[in-house]
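Colleague: fold the following, please.
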Amino acid sequence: MNATDLHQPKQFAPPSRLIRIKDHVRNHWQLYVMLAPTIIWLITFLYTPMYGLQIAFKDYSLFRGVSGSPWVGFEHFNTLFDNQQFLRALKNTVVISFLSLCFGFPIPILLALMFNEILNQGFKKTAQTIVYLPHFISSVIIAGIVITAFSPSAGIVNTVLEYFGFDSVYFLTRPEWFRPIFIGSSIWQEAGFSSIVFLAAIAGVSPTLYESAVIDGASRWQMMWKITIPSIMSTIIIMLIIRIGNLLEVGFEMIILLYQPATYQTADVINTFIYRQGIQTGNYDLAAAAGLFNAVIAFILVIAANSLAKRYSRTSLW
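Modeller: Residues are numbered from 1 along each chain as shown. This is a model prediction of the structure:
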């Protein structure tokens with residue numbers, strides 16, 4: 001070592017990534033303790049059950065268990081696509097989901113825009129409470145209300161029809177009426193609560209934009225189209241991506257409560273098909289194959305929707 005080396009300051013190596021993580025956990029351990037229950041719940045109920053997905057590729061037997069059942073490859077998937085009931089359920093799922101997206105997705109946005117235009121705060125809070133309330137009612141009660149309303153004997157719908165001279169109709173046994181009733185009841189139950197996200201986005205719009213528009217002589221309608229909607233467009237796109245990801249997740253509880261063999265033609269969906277195969281008939285391997293197919297398609301839809309949103313709007317989930 002020469003004299004010049006003695007006068008140079010020592011160079012310390014930067015701490016490793018693992019050390020930085022340990023220091024961060026040590027400094028913020030309270031946050032990780034609060035996060036622990038959620039992580040445990042996710043691992044226990046979402047990730048651990050994924051071990052059972054392998055029965056979709058096995059000839060599953062309750063007595064042999066998951067590990068002891070023999071592998072059959074893609075045999076169950078071939079059976080699914082040769083099963084007319086599954087193909088009918090897939091078609092109904094796509095149709096109901098597409099109609100729900102077309103009619104159900106814009107309504108919360110419209111509600112949020114209308115609530116934003118109400119100046120009377122008392123009336124605004126009352127209206128919001130009324131449209132939020134159905135979300136907190138059990139699906140069983142909602143189904144009971146729907147069944148009672150469309151009852152052929154004492155339902156309010158048939159009472160009105162008979163008042164105007166029409167014959168009563170048992171709507172819930174008519175396949176052509178199931179989709180409108182299901183989609184309409186779902187919108188009534190969830191549209192108000194779903195509008196909260198868009199109301200929060202509207203609340204984040206800078207008031208100076210509206211003040212400038214008022215100075216320029218813009219009307220309320222023009223401010224809504226030129227300021228409000230463009231300002232919340234990123235939120236709309238994010239919610240649309242999430243909705244597309246859940247495109248095949250039709251409301252299972254409501255369909256189970258409302259449908260019957262007479263309406264299987266238009267009411268049977270993938271989730272109800274899985275329920276019948278897995279719970280009622282005990283074909284757990286076939287039900288697992290149908291569920292895995294549903295999950296893979298949902299994953300592809302999320303990736304595709306996110307890619308399109310990133311390409312054309314520069315807004316995406318990741």
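Colleague: so what does residue 83 have for phi and psi?
Modeller: phi -90, psi 120 (degrees, to the nearest 10).
Colleague: any idea whether residue 63 is helix, strand or coil?
Modeller: Residue 63 carries the three-state label coil when classified by DSSP: H, G, I helix; E, B strand; the rest coil.
Colleague: that one: how many residues sit nearby?
Modeller: Neighbours of residue 63 under the rule other CB atoms under 10 Å: 6. (Each C-beta comes from the backbone N, C-alpha and C, glycine too.)
Colleague: can I get stretch 40-59 in PDB, CA atoms only?
Modeller: Output in PDB follows, covering the C-alpha atoms of stretch 40-59 (Å, rounded to 0.1, in the frame of the first residue of the first chain):
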ATOM      1  CA  ILE A  40     -52.900 -15.500   5.800                       C
ATOM      2  CA  TRP A  41     -56.500 -15.400   4.400                       C
ATOM      3  CA  LEU A  42     -55.300 -15.100   0.800                       C
ATOM      4  CA  ILE A  43     -52.800 -18.000   1.200                       C
ATOM      5  CA  THR A  44     -55.400 -20.200   3.000                       C
ATOM      6  CA  PHE A  45     -58.500 -19.700   0.900                       C
ATOM      7  CA  LEU A  46     -57.100 -18.600  -2.500                       C
ATOM      8  CA  TYR A  47     -53.700 -20.100  -3.100                       C
ATOM      9  CA  THR A  48     -53.800 -23.400  -1.000                       C
ATOM     10  CA  PRO A  49     -57.000 -24.700  -2.900                       C
ATOM     11  CA  MET A  50     -55.100 -24.300  -6.200                       C
ATOM     12  CA  TYR A  51     -53.400 -27.600  -5.300                       C
ATOM     13  CA  GLY A  52     -56.700 -29.300  -6.000                       C
ATOM     14  CA  LEU A  53     -56.800 -28.000  -9.600                       C
ATOM     15  CA  GLN A  54     -54.800 -31.000 -10.700                       C
ATOM     16  CA  ILE A  55     -58.000 -33.100 -10.300                       C
ATOM     17  CA  ALA A  56     -59.100 -31.500 -13.600                       C
ATOM     18  CA  PHE A  57     -56.400 -33.700 -15.200                       C
ATOM     19  CA  LYS A  58     -57.100 -36.800 -13.100                       C
ATOM     20  CA  ASP A  59     -59.700 -39.500 -12.800                       C
END
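Colleague: give me the buried stretch members for that stretch, please.
Modeller: Under the neighbour-count criterion of 16 or more other CB atoms under 10 Å, stretch 40-59 has 54, 55, 56, 57, 58 buried.
Colleague: now those residues in CSV, with secondary structure, pLDDT and distance to residue 206?
Modeller: Below are the buried residues of stretch 40-59 laid out as CSV (DSSP: H, G, I helix; E, B strand; the rest coil; pLDDT from 0 to 100; distance: CB to CB, whole Å):
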residue, secondary structure, pLDDT, distance to residue 206
54, helix, 91, 53
55, helix, 91, 54
56, helix, 91, 51
57, helix, 93, 54
58, strand, 92, 58
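Colleague: show me which of these is closest to residue 118.
Modeller: residue 56 (50.9 Å; CB to CB).
Colleague: relative to residue 295, how far out is that closest one?
Modeller: 10 Å (CB to CB, to the nearest Å).
Colleague: and for residue 91?
Modeller: Distance from residue 91 to residue 295, by CB to CB: 19 Å.
Colleague: which strands or helices does the strand or helix carrying residue 212 pack on?
Modeller: In this structure, residue 212 sits in helix 207-215 according to DSSP states H and E. Here helix 207-215 is seen to pack against helix 220-223 when contacts are counted using 3 or more CB pairs under 8 Å, 6 or more residues apart in numbering; DSSP states H and E.
Colleague: nice, that's everything, thank you.
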